[in-house]
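Asks: based on what follows, work out the 3D shape:
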Amino acid sequence: STHSGTLFPSTTLFRSSQNCLRLNFAQALVELLIRKFMLRIQLLNIKSLLKTLGLLVLMVLSLSVSKAQTTIPANTALSGVLDKIGSPYYVQGDVFVPADSTLLIEAGVEVVFVGKYQLKVFGNIKAVGTAKDTIRFYPLDVNVRWAGIRYYGKSRVRDSAVFKFCKFSFCGPKISNFDCAMILKKGHFSIENCVFNNHVSQIGVNSLLCDSVLSLNIDACHFTRNATVNSNPNVTQGVFGAVAMMHGTISNCIFDYNTTRNPYNSGEDAQLLDNFSTGGTLCISNYFRNPNADVKVLNCKFVSNVCGNTGGGISVSSFKAGKLLIKGCDFIDNRTGRYAALSVFGDGASNVKLIIDACRFEGNVAKNSMFGTGTAAIVIYSFYTSDSLIIKNSLFTKNVGFYACSFEGWDGTAGYRDWETDRKSCV
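Replies: Numbers count the residues shown, from 1 in each chain. Here you go, the predicted model:
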C-alpha cells in the first residue's frame, strides 16, 4: 500500500503536466489559427477597400465629366464644332451662325436656352445625332420656353441645314411668324428622324415652317402634342398647325395629338368646334411666294389631331398651279369643326394636279357648324378643271359627318361641277 501510495501521486502529477502541455499547445494552435484568420480578413478588407476606392474614383471622374458645361453669351458668333465634351451648352441670349460659316453639332450634345432666345443661321448648320445619342434643343424653364431656330437663306450650298436624330422641345409661345421651333428659307434642307414636341403658338405654325425652299426632305420625324391656340381677339386668320410647306417631300412621319384652334376666326371661315375654329396639322400652300407648289406626302400617319376648322390631317390651300401626291397615308381618329381629315381649297385660277393613292381614312369626325354641314374624310373644292383629281386604292370606313367625302370643282365658265374620280378602286 505504501508503494501504491508513493506511485499514484507521481503518476497523477505526470498526467497533469501532460494535460497542461496539451492545453498550452491547443491554445497556441487556436491563437495561430485566429491570427491567420484575422490576417485573411484584413487582406480581404484591404482588397474590398481598394475596390471601393476604385469605384469611388470612377464615380468622381464620371461626375466631373457629367458636370462639364459651356456657357454661350448673347450675340456669340458660332462656328466650328459643339462637341459632346462641352455639353450641355447654355445659351444666354440670341446667337448666330455667320454667313460663309458652318456649325457642326456632335451626337449627344444638349443645347439649353436659358430664356426666350433664338439661334439664327446665316451660314450652314449640321446637327447629326444617332438613334442612341440624340441631339436635344430645349429651354431651361419650360414655362419661359425658347424662340427656336431660324435659317435666313443667306447660304444656298447643298445641305444648307441638316438635322438628324434631333429632338426639339417646348418652343414658344409664338406670337409672330418668326419664332416657331424651326424656320427654313431659301436653302437645301434635310430633316430626318427628328422629334418636335410640346411647342405652342398663337399664330402661324408652331413647329416647322418651310418657306420658299430650294429643296426639302423630311423623313421619319414625329410631330406630337404641339398646339396653336389663339387667345388674341385681333387675330382672325393665319392660325395653323405643326408644319407648313410649299415644296419638297415629307415621308414616314407621324403627326399625333396636335391641336389647332382659334375662337376669333371670322366670316365664312368661322367654322366651330366647341366654339373654336381654324385648322391644318400639315399645311400645304402656294399662297405665299411659290407660284407652283410641288409636294409629296408619302407613308405618313395622322392620328388623333384636333383642328377647329379644316384639315385634321392635311389642309391644302392652292391659288395657282401645282402638283400634290398623297400616297400610302393613314388618317385616323382626327376631329375637325367642319372640313375633313384632308381638306383642299382653291380659287377659280387654281389648276392643281392632285393624286390620292392607297390611303386609309378611318374614324374621323367632322361637326356641322352654323355655316353648313360637316365632311369627315375628304373635302375638295374649287379647282379649275374637272380632271385635276385622281383618288384610287383607298379605304374609307367609320368616318362620322354629314358627308364622308365631298368633291366639287370649278370649270372656269359654268360654275361648279363634280370631279371625275376612280371610285371603283376605293372601298
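Asks: from here on, contacts and neighbour counts on C-alpha atoms
Replies: OK.
Asks: distance of T71 relative to V95?
Replies: Per CA to CA, to the nearest Å, T71 is found 12 Å from V95.
Asks: of the two, who's got more company?
Replies: V95 (20 against 13; other CA atoms under 10 Å).
Asks: hmm, A74 and that one touching each other?
Replies: Yes: taking CA atoms under 8 Å as the definition, V95 is a contact partner of A74 at 5.8 Å.
Asks: and the strands in the stretch 1-150 of the chain?
Replies: Under the criterion DSSP state E, counting those that start in this stretch, strands of the stretch 1-150 of the chain are mapped to 70-72, 80-82, 89-91, 95-97, 102-105, 110-113, 119-121, 124-128, 135-139, 149-151.
Asks: save these as a markdown table, and put in distance to K164 and mean pLDDT too.
Replies: Formatted as a markdown table, those follow (distance: least, CA to CA, whole Å; pLDDT from 0 to 100):
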| stretch | distance to K164 | mean pLDDT |
| --- | --- | --- |
| strand 70-72 | 23 | 95 |
| strand 80-82 | 15 | 97 |
| strand 89-91 | 19 | 97 |
| strand 95-97 | 19 | 97 |
| strand 102-105 | 10 | 96 |
| strand 110-113 | 14 | 97 |
| strand 119-121 | 17 | 96 |
| strand 124-128 | 5 | 97 |
| strand 135-139 | 8 | 97 |
| strand 149-151 | 15 | 94 |
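Asks: any chance of the ones you listed in a markdown table, plus distance to S160?
Replies: Output for the strands of the stretch 1-150 of the chain, formatted as a markdown table (distance: least, CA to CA, whole Å):
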| stretch | distance to S160 |
| --- | --- |
| strand 70-72 | 23 |
| strand 80-82 | 15 |
| strand 89-91 | 22 |
| strand 95-97 | 12 |
| strand 102-105 | 9 |
| strand 110-113 | 20 |
| strand 119-121 | 10 |
| strand 124-128 | 5 |
| strand 135-139 | 18 |
| strand 149-151 | 9 |
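Asks: would you tell me which of the ones you listed gets closest to V306?
Replies: Closest to V306 of the strands of the stretch 1-150 of the chain, according to CA to CA: strand 135-139, at 24.9 Å.
Asks: output the below-cut-off pLDDT ranges for the stretch 51-200 of the chain.
Replies: 51-67, 174-179 (pLDDT under 70).
Asks: wait, doesn't I135 sit right on F165?
Replies: Yes: using CA under 8 Å, I135 is in contact with F165, at 6.5 Å.
Asks: overlap in contacts of these two?
Replies: Common neighbours of I135 and F165, counting by CA atoms under 8 Å, 6 or more residues apart in numbering, are 128-129.
Asks: neighbouring contacts of stretch 209-216?
Replies: Stretch 209-216 has contacts (CA under 8 Å, 6+ apart) with 180, 182-190, 243-249, 289-290.
Asks: got the CA coordinates for it in CSV?
Replies: Output in CSV follows, covering the C-alpha atoms of stretch 209-216 (Å, rounded to 0.1, in the frame of the first residue of the first chain):
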residue,chain,number,x,y,z
LEU,A,209,-42.2,76.4,-91.4
CYS,A,210,-40.5,75.7,-94.8
ASP,A,211,-40.9,78.8,-96.9
SER,A,212,-39.5,79.2,-100.4
VAL,A,213,-37.1,76.3,-100.0
LEU,A,214,-34.8,75.2,-102.9
SER,A,215,-35.1,71.6,-101.8
LEU,A,216,-36.6,69.8,-98.8
